[in-house]
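A.B. asks: predicted coordinates and the sequence they were generated for:
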Amino acid sequence: MKNLLLAALLFAVPACAQVRVADGFSTDWANLKMDSRELAPNLYLLHGSGGNTVASIGIDGALLVDPSFAEVAPKLKAALHEMGMAPVRYVIDTHYHSDHSGGNGAFAKDGAVVIAQENCRKRMTETLHSAFWGSTTPPSPAAELPTLTYDRRLTLEFNGEEVTLFHNQPSHTDGDTIVYFHKANVVHMGDIFVNNLFPYIDVGVGGKVDGYLPVIDEVLATIDDKTQVVPGHGPVATKQQLRAYREMIQTVRDRVAAGVASGKTLEEIMASHPTKEFDAQDATNRVDGDGFVAMVYQSLTGKRLDWHPVK
Ligand SMILES: [Zn+2]
């Protein structure tokens, strides 16, 4: 059941040849290939399927940001072993979605402490229904739940590095965490930032478009032009690319808000094509321009929560 969301991501039938499948998702678990690369000394990016994983590996052991799907965890462990991994002591979930947190249990049973924002843990104890995907996610087993939670900010000293977790306000979900590695100058954004994709706003759990702007602004004020910005999905980006993504969200949000203010229906707003200049780069059959517009509309008005992509 947890993979209904993934199924919706992967198997939505393309309406035309131009529709692209979101990169980085595969359910061919047996043949998954783990890619890894060094971001900075002691800090690595790993990816097999689902969300991007960042691993700090050093004298204190290992710390992971986003252990990906449960099915990916064995491959992740094998890759970490090959890299000379010490025991995984901490796992940080950027949010509750199973393509980011599904591997929690595999590392928790070996003794890792799983850390998340307090709303993230709360959501993982609930049965959640996504009207957008038409899917239901059951509560996570107790063995997969975060065991250490925080509200606004938490700092770890690990592997000679100051690691800051921060939560500003609801945006992608109501329990998002951003992780900043000060010395390495690397930030993991979770799905607040998806590179070359339209964001999925999880309005059903209190995600909201107006949260993205102050959250991203806080990150922009924290990082510099040399920071490596790791998105939840897609390739590592620069501060400038994060700023462009923020402007895309602001532009589409303002167009939808203007449509709402002038009394237009969701369909009329979609027909005005608020995402037009961004579709070539960002639209996939995961979230296309209409899907993003619908979520922005839902977030701004609290209406039409039953809208979902045509499958
Ligand atoms: Zn997500």
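C.D. replies: On my side now, so go ahead. Numbering: from 1, shown residues only.

A.B. asks: from here on, contacts and neighbour counts on C-alpha atoms
C.D. replies: Will do.

A.B. asks: read off the pLDDT value for the residue nearest the centre of the chain.
C.D. replies: The chain has Asp191 as the residue nearest its centroid, 2.1 Å off, counting by CA atoms, centre = their mean. Listed pLDDT for Asp191 reads 97.

A.B. asks: repeat that for Glu82.
C.D. replies: For Glu82, the predicted pLDDT is 89.

A.B. asks: ramachandran angles for the nearest residue to Thr265 once chain neighbours are set aside?
C.D. replies: In space, not counting the residues next to it along the chain, Thr265 is nearest to Gly259; the distance is 7.8 Å by CA to CA, 6 or more residues apart in numbering. Here is the backbone geometry of Gly259 (degrees, to the nearest 10): phi -60, psi -40.

A.B. asks: make 439 the starting number, not 1.
C.D. replies: Taking 439 as the first residue, the last one we looked at is Gly697.

A.B. asks: is Ala554 in a bridge, and if so with what?
C.D. replies: Legend: beta-bridge partners of Ala554 under DSSP bridges are Thr587.

A.B. asks: you'd agree it is up against Ile616?
C.D. replies: No: under the criterion of CA atoms under 8 Å, Ala554 makes no contact with Ile616, lying 10.2 Å away.

A.B. asks: what is the neighbour count of the residue nearest to Thr703?
C.D. replies: 19 (other CA atoms under 10 Å).

A.B. asks: what's the answer for His626, then?
C.D. replies: So His626, with other CA under 10 Å, has 25 neighbours.

A.B. asks: who does it form a beta bridge with?
C.D. replies: Here His626, judged by DSSP bridges, has bridge partners Val617, Val668.

A.B. asks: about what we covered before: so the residue nearest to the centre of the chain lies in a helix, does it not?
C.D. replies: Yes: with DSSP: H, G, I helix; E, B strand; the rest coil as the criterion, Asp629 is located in a helix.

A.B. asks: now do the same contact list for the closest residue to it other than its chain neighbours.
C.D. replies: Of all residues not flanking Asp629 in the chain, Gly670 sits nearest, at 4.4 Å (CA to CA, 6+ apart). If you count contacts by CA atoms under 8 Å, 6 or more residues apart in numbering, Gly670 has them with Gly489, Asn490, His626, Met627, Gly628, Asp629, Ile630, Phe631, Val632, Asn633.

A.B. asks: distance of the third one relative to Asp744?
C.D. replies: Shown here: His626 relative to Asp744, a distance of 32 Å by CA to CA, to the nearest Å.

A.B. asks: try the first one
C.D. replies: According to CA to CA, Gly489 and Asp744 sit 26 Å apart.

A.B. asks: any stretches of the stretch 439-588 of the chain with poor pLDDT?
C.D. replies: Residues of the stretch 439-588 of the chain that meet the criterion pLDDT under 70 lie in 439-461.

A.B. asks: please, where are all the helices along it?
C.D. replies: 442-449, 511-520, 536-539, 542-546, 556-562 (DSSP state H, counting those that start in this stretch).

A.B. asks: centre of the chain to the last one, how far?
C.D. replies: This points to helix 556-562. Its chain's C-alpha centre and that of helix 556-562 lie 15 Å apart, by CA atoms, centre = their mean, to the nearest Å.

A.B. asks: so what does that helix touch, helix or strand wise?
C.D. replies: If contacts are counted by 3 or more CA pairs under 8 Å, 6 or more residues apart in numbering; DSSP states H and E, helix 556-562 sits against strand 586-588.

A.B. asks: which elements pack onto the very next helix or strand once past the strand it packs on?
C.D. replies: Using DSSP states H and E, the helix or strand that follows strand 586-588 in sequence is strand 591-596. Contacts defined by 3+ CA pairs under 8 Å, 6+ apart place strand 591-596 against strand 599-604.

A.B. asks: which neighbours does the strand it packs on have in its sheet, and in what orientation?
C.D. replies: Here, using DSSP bridges, strand 599-604 pairs with strand 591-596 (antiparallel), strand 616-619 (antiparallel).

A.B. asks: for that strand, which residues meet the burial criterion?
C.D. replies: Using 16 or more other CA atoms under 10 Å as the test for burial, strand 599-604 gives Val601, Thr602, Leu603, Phe604.

A.B. asks: for beta bridges, what are the partners of the second one?
C.D. replies: Beta-bridge partners for Thr602, by DSSP bridges, are Thr593, Tyr618.

A.B. asks: which residues does the residue nearest to Lys513 when sequence neighbours are not counted contact?
C.D. replies: Leaving aside its sequence neighbours, Lys513 sits nearest to Met472 (CA to CA, 6+ apart; 6.9 Å). By CA under 8 Å, 6+ apart, the contact set of Met472 is Leu484, His485, Gly486, Lys513, Leu514, Ala517.

A.B. asks: give me the distance between Met472 and Arg527.
C.D. replies: 21 Å.

A.B. asks: before we move on, what about Phe604?
C.D. replies: Phe604 is 19 Å from Arg527, by CA to CA.
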